[in-house]
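>>> Here is my input, please return the structure:
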Amino acid sequence: MIQRVFAIICLLPLTALLLVINTWHFENAANAAWSAQQRGGWVLDAVERGCVQCELEQCDGSMGFGGSPDERGETTLDAMIMNQWVGIIYTMDVGAVADLRRVKNAVGVARAVMEYTEHTFIVGESSTIFAQNIGFMSEDLSTNQSIAIFSQWLQQNCKPNYRKVNPSESCGPYKPKAKPWRPKNLVTNGQVAAATSSNGATHKIPGLVGDSPVAGAGAYADSTAGGAAATGDGDIILNMNNNHGIYCQNRPGFSQFPFMVVNRQTNQSQLQKVDCF
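Here you go, the predicted structure:
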């Protein structure tokens, strides 16, 4: 079960020509992005237009309506758009939607999240309601092709699927397997783990995803380098994806930030100021 992800990038350096890059061999999408910019459009308009082209053409069946039905036979869409200004004004603007239903223009909804809200990521039925409230048309994303794919999957006893459950060889209802086995004498030296939990921002737009549930944003752990965690404005943190950046590039994070720390020497939690890297 290979999932193809389409991405398109437009670069407009101050000292170079415009460059359009997209994954896979979707020539019409690249040309659409190029044409949008050549007509005097903004670079952000160009990347959006390239994605819209593939949403309309259902590129490779992995973009847009009528493809990749879920376990209920419904096609849902994910999209993200990102814009960074470097110069007099520095911005890191991001908008994203996931599990969007009944709206064909997913990248347009993602841009609306970026431009019309202070959030970054909205998901599920709430993302559909958000889109409809600002004027996006509600449409059925299913086609004869997606219905046929779903019907064939049912005939194959819902295989292949993504569940680690019993039974795994037939359709649901499913029951969880026993907890994963772990060795009793597991050596913890060098092991790094991280976890987050949050109820999000007060008065948030329904469907908001903040930094907390996103690996690399709310927290990140890697036994070869260490761990990082963040607190504050979840949308800003999510935009910057800063914890993964701290890990990858060894950039200093919060200097002397107060954390509750438990170590083997004290065996109890204490408030300590820690330099994060």
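>>> ranges for the helices of the stretch 151-277 of the chain?
Listed in chain order, the helices of the stretch 151-277 of the chain (DSSP state H, counting those that start in this stretch) span residues 234-240, 242-249.
>>> pLDDT averaged over the first one - what is it?
In this model, helix 234-240 has an average pLDDT of 78.
>>> pull the CA atoms of that helix into CSV?
What follows is helix 234-240 as a C-alpha-only set of coordinates in CSV (Å, rounded to 0.1, in the frame of the first residue of the first chain):
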residue,chain,number,x,y,z
GLY,A,234,1.2,25.7,19.6
ASP,A,235,0.6,27.3,16.2
ILE,A,236,4.0,29.1,16.2
ILE,A,237,5.7,25.9,17.5
LEU,A,238,4.0,23.8,14.8
ASN,A,239,5.0,26.2,12.1
MET,A,240,8.6,26.2,13.0
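>>> can I see the domain layout of the chain?
Domain segmentation of the chain under automatic domain parsing yields 1-63, 69-154, 210-274.
>>> nearest to S170, of these?
domain 69-154 (10.7 Å; CB to CB). The C-beta positions use only the backbone N, C-alpha and C, and glycine is treated the same way.
>>> Tell me how far that closest one lies from the chain's centre.
11 Å (CA atoms, centre = their mean, to the nearest Å).
>>> Let me see the ranges of the strands in the stretch 101-250 of the chain.
121-123, 165-166, 175-176, 208-209, 219-222, 226-229 (DSSP state E, counting those that start in this stretch).
>>> I'd assumed V20 was in a strand, is it?
Yes. Applying DSSP: H, G, I helix; E, B strand; the rest coil, one finds V20 inside a strand.
>>> thinking it is in contact with A46, fair?
Yes. Between V20 and A46 there is a contact under CB atoms under 8 Å: 7.1 Å.
>>> Centre of the chain to the longest helix seen in the chain, how far?
If each helix of the chain is counted by residues according to DSSP state H, the longest one is helix 43-57. In terms of CA atoms, centre = their mean, the centre of helix 43-57 is found 18 Å from the chain centre.
>>> helices and strands around it, which ones?
strand 8-11, strand 19-22, helix 27-38, strand 77-85, helix 106-116 (3 or more CB pairs under 8 Å, 6 or more residues apart in numbering; DSSP states H and E).
>>> Name the residues of it that come out as buried.
43-56 (16 or more other CB atoms under 10 Å).
>>> Repeat that for stretch 139-154.
L141, S142, T143, S146, I149, F150, W153.
>>> Other residues contacting it?
Stretch 139-154 is contacted by residues 61, 65-69, 73-77, 101-104, 159, 171 when judged by CB atoms under 8 Å, 6 or more residues apart in numbering.
>>> Kindly format the C-alpha coordinates of it as PDB.
Extracted in PDB, the C-alpha atoms of stretch 139-154 (Å, rounded to 0.1, in the frame of the first residue of the first chain):
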ATOM      1  CA  GLU A 139     -19.400  17.800  -3.200                       C
ATOM      2  CA  ASP A 140     -19.300  14.100  -3.100                       C
ATOM      3  CA  LEU A 141     -15.600  13.000  -3.500                       C
ATOM      4  CA  SER A 142     -16.500   9.400  -4.500                       C
ATOM      5  CA  THR A 143     -16.400   8.200  -8.100                       C
ATOM      6  CA  ASN A 144     -17.200   4.900  -9.800                       C
ATOM      7  CA  GLN A 145     -13.500   4.100  -9.600                       C
ATOM      8  CA  SER A 146     -13.200   4.700  -5.900                       C
ATOM      9  CA  ILE A 147     -16.400   2.700  -5.200                       C
ATOM     10  CA  ALA A 148     -14.900  -0.200  -7.300                       C
ATOM     11  CA  ILE A 149     -11.700  -0.100  -5.300                       C
ATOM     12  CA  PHE A 150     -13.600  -0.200  -2.100                       C
ATOM     13  CA  SER A 151     -15.900  -3.000  -3.200                       C
ATOM     14  CA  GLN A 152     -12.900  -5.100  -4.300                       C
ATOM     15  CA  TRP A 153     -11.200  -4.500  -0.900                       C
ATOM     16  CA  LEU A 154     -14.300  -5.800   0.900                       C
END
